[in-house]
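In: sequence first, predicted model second:
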Amino acid sequence: MKFAIWLATLLGVITMVTAAAVNSSAVNSNAGKNPLLYSGAFPRWSDIKPSHVQPAVQQLIAEELASVELLEQDLARMSANITFDRLFKPLTQLRLRLDAVFGQIDHLSSVVDTPERRKAVDAITPSRVAFELHLGQSKPIYNAVKQLKDTSVIWQKLNPTQQRIVTITLKDYENSGVGLPEDKKKRFNAISDQLSQLTTNFSSNVLDSTMAFKLLVTNKSELDGLEETTLAVAAEKAKDAGHPSATAESGPWLLTLDYNTYVAVLSFAKNRDLRKNFYIAYRSIASSGKSDNTGIINQILALRKELAVILGYKNYAEEKFTYKMATFNSASSLMEQLINDSRAVAVEENAQVTQFARNVSEDKGLELKWWDIAYWSERQKEHLFHIKQERLREYLPLPLVIKGLFQLAHKLYGINVQLASGALPVWHKDVQVYAVSDANSTKPFAYFYADLFARPGSKQGGAWVQPLWDAAKYWRAPSPAAAAAKATKAAASNSTNSRTASVIWTPSLAKAESDWLNSAPYQLPIAVLISNQNPPAGGKPSLMSLNDAGTLFHEFGHALQHMLSKSKQGLTSGMRNIEWDAVETPSQMQEKWVYDKNMFNSIARHWNTNESVPSWMFDAIKSLKTYRQGVSSHSICS
């Protein structure tokens, strides 16, 4: 009797909360002022502290767990009348809100790593993995998705985009272990949790190991051959490390193990011992001491294989290929063919470099070591094409390259890209925020953040684009189900009944949830574009290598794919649910524009004199594309 009274009281509370939820939950959803849960137009980057991570994730998971529970109960009541929207509107809302919050956390871990942030991320990893497994192994949701696919009268009414979402979602659930027997599911979940922590530890060790390497040089003769740009950046690093009088001309110079410095030393330093030191240090990142990843790699390989076998695959690669256009066998065959076809050419190219080095050094017995190849290849390149990288950099100042890139986007896609108005929060002073609008409009339809300069030790190396917020209709706010769950918990805490409280389906709550989903606002897409080129130094702007320029164009292609999406479904917006080998198509196409003569001439002018690039230089640059391609192809595939 007491339970019946408690339940009646609880249902009354839910009804009252539900009535207010649609009006206030989404709008007033800034969730205890936690900036990670802020539902405004832009992330509050500068306000987000490591201390916000754990409470934000705890609240987010509790709120979205309520949404999952209500959806499962709703599906149970309409099992004979499943519709695409009834199932996928709540699923889309769940996925996009989760990714909006976790995207901010993951992004900051990649670009402003600190011990405090790592500790915060480590603390939430188990609950994050557990929730994703709970969602991915929901039998009621999986059965509903399968019903859409298996019921021909429903399936035939779905448009191609909806059919694609259903098919991919089924695969996602199956690869999340939804169909496993309990003993295997338990092992699957344990492995998933362990892999999540191991991969986080792996990345942290790489950052720590990279940051640990610092070489302060006071004798300029030891750096003979290094480009002026490299010396200027190294002097700026020395200033930051406590040597305020450091200059590019007089030093001291602080060399770090970021990729730009590594390539510069290997390609230009005449000091063979310096090249050897850098080569060994770079190639042995995170392979000894506290940051040793050897054991972690072995664990990851073993656990990934075990996970794949549990799911019924032969190996981890076979599982991953379920998300690609290519098959494991076709990709393996292509790589074997490339290895065989390129081997003889690669051997000949290496022999040519060796002979060139012997001739120039007048050492007929010279045997090239791994730390010699890049240096002598660069010298051979200069000899064959009469072009030096340092001179080419002078013609590729970052501001001009960006201007040309945006002009190209205007011509190709009819869009304008310009710095966003207003002082928007950023995570580092070097970050720029850009607004994207149609050519005939000043109203932005997308934004992206550009973080282009290397910060060894706190920012991961490489270049990438991370979709942050999707172009879709959804709330970055808790649902009516979450409000009802909160009320349920409050009512339960005031009751003597020990029964665990949860969301309880009622017609009014189901209607409130549906109305809330149907009234979701359209969210503008936001992306982050990351690279790691040299920052401005020595009174000069950031001067780009040809590879830097190609990387920027490439990543902008990814950003455009996210921002220009016209999909009407949130789960196919931007790069979502596109086969991973197909995702590279827009970026590869965009990258090739660097080698278009008109395009190159628009981005290549001397940073100081505004002089156009000589015509012979562009011809040499095009020829460079095929230099040592046999070695490159063989190395990549091997």
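Out: Done, it's in.

In: low-confidence ranges in this protein?
Out: By pLDDT under 70, the weakly predicted segments of the chain are 1-32, 490-501.

In: in contact with the nearest residue to residue 590 once chain neighbours are set aside, which residues are there?
Out: With sequence-adjacent residues excluded and distances taken as C-beta to C-beta, 6 or more residues apart in numbering, residue 590 is closest to residue 557, at 3.1 Å. Backbone N, C-alpha and C define where each C-beta goes, glycine included. By C-beta atoms under 8 Å, 6 or more residues apart in numbering, residue 557 lies in contact with 586-591.

In: ok, 6 Å please
Out: Counting by C-beta atoms under 6 Å, 6 or more residues apart in numbering, residue 557 touches 586-587, 590.

In: narrow those to those in helices?
Out: For the contacts of residue 557, the ones inside helices are 586-587, 590, with DSSP state H as the criterion.

In: picking up where we left off before, so the residue nearest to residue 590 sits in a helix?
Out: Yes. Judged by DSSP: H, G, I helix; E, B strand; the rest coil, residue 557 forms part of a helix.

In: rewinding a little: most neighbours among the contacts of residue 557, which one is it?
Out: Using other C-beta atoms under 10 Å as the neighbour test, the contacts of residue 557 are led by residue 590, with 24 neighbours.

In: thought that residue was touching residue 555?
Out: No. The criterion here is C-beta atoms under 6 Å, and residue 590 misses it with residue 555 at 8.6 Å.

In: which strands and helices lie in contact with the longest helix anywhere in the chain?
Out: In the chain, taking DSSP H as the definition, the longest helix is helix 328-361. Counting contacts by 3 or more C-beta pairs under 6 Å, 6 or more residues apart in numbering; DSSP states H and E, helix 328-361 packs against helix 370-385, helix 629-637.

In: among those, which comes closest to residue 104?
Out: Comparing the helices and strands packed on helix 328-361 by their distance to residue 104 (C-beta to C-beta), the top pick is helix 629-637, with 33.6 Å.

In: and the closest one, how far out from the chain middle?
Out: Taking C-alpha atoms, centre = their mean, to the nearest Å, one finds the center of helix 629-637 at 26 Å from the center of the full chain.

In: and what of stretch 47-61?
Out: That offset, for stretch 47-61, works out to 20 Å (C-alpha atoms, centre = their mean).

In: please identify the helix or strand for the spatially most central residue of the chain.
Out: With distances taken as C-alpha atoms, centre = their mean, residue 466 lies nearest the centre of the chain, 4.0 Å away. Residue 466 belongs to strand 464-469 when assigned by DSSP states H and E.

In: neighbouring contacts of that strand?
Out: With contacts defined as C-beta under 6 Å, 6+ apart, strand 464-469 is touched by 100, 103, 107, 523, 526-530, 555, 558-559, 562, 574-575.

In: turn the helices and strands packed on helix 328-361 into TSV, including distance to residue 186 and mean neighbour count.
Out: Converted to TSV, those look like this (distance: least, C-beta to C-beta, whole Å; neighbours: other C-beta atoms under 10 Å):
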stretch	distance to residue 186	mean neighbour count
helix 370-385	46	18
helix 629-637	39	16
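
In: which among the ones you listed is found nearest to residue 266?
Out: helix 370-385 (4.1 Å).

In: what packs against the closest one?
Out: helix 259-268, helix 272-283, helix 328-361.

In: thinking again about what came up before, next, the angle helix 370-385 makes with the longest helix of the chain.
Out: Relative orientation of helix 328-361 versus helix 370-385 (axes from the mean of the first three to the mean of the last three C-alpha atoms, to 10 degrees): 80 degrees.

In: buried ones in helix 328-361?
Out: 328, 339, 342, 346, 349-350, 353-354, 356-358 (16 or more other C-beta atoms under 10 Å).

In: same check on stretch 423-436?
Out: The neighbour-count check on stretch 423-436 (16+ other C-beta under 10 Å) flags 424, 426-427, 431, 433-436 as buried.

In: name the element residue 88 belongs to?
Out: helix 84-111.

In: so what touches whatever helix or strand comes next after that helix?
Out: Going down the chain from helix 84-111, the next helix or strand is helix 115-136, by DSSP H and E. With contact meaning C-beta under 6 Å, 6+ apart, helix 115-136 is reached by 50, 53-54, 57, 61, 68, 109, 176, 189, 192-193, 196-197, 204.

In: re the thing from before, joint contacts of residue 590 and residue 555?
Out: Among the neighbours of residue 590, none is also in contact with residue 555 (C-beta under 6 Å, 6+ apart).

In: for the chain, which strand is longest?
Out: Longest strand of the chain, by residue count under DSSP state E: strand 444-453.

In: so what does that one touch, helix or strand wise?
Out: Against strand 444-453 (3+ C-beta pairs under 6 Å, 6+ apart) you get strand 432-438, strand 526-533.

In: what is the orientation angle of the first one with strand 444-453?
Out: Angle, strand 432-438 to strand 444-453, by the same axes, to 10 degrees: 150 degrees.

In: likewise for the last one?
Out: Comparing the axes of strand 526-533 and strand 444-453 via the same axes, to 10 degrees yields an angle of 20 degrees.

In: for strand 526-533, list every residue counted as buried.
Out: Buried residues in strand 526-533, counted by 16+ other C-beta under 10 Å: 526-533.

In: tabulate the residues you listed in a markdown table, adding columns for distance to residue 540.
Out: A markdown table is the format used below for the buried residues of strand 526-533 (distance: C-beta to C-beta, whole Å):
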| residue | distance to residue 540 |
| --- | --- |
| 526 | 31 |
| 527 | 29 |
| 528 | 26 |
| 529 | 23 |
| 530 | 23 |
| 531 | 18 |
| 532 | 18 |
| 533 | 13 |
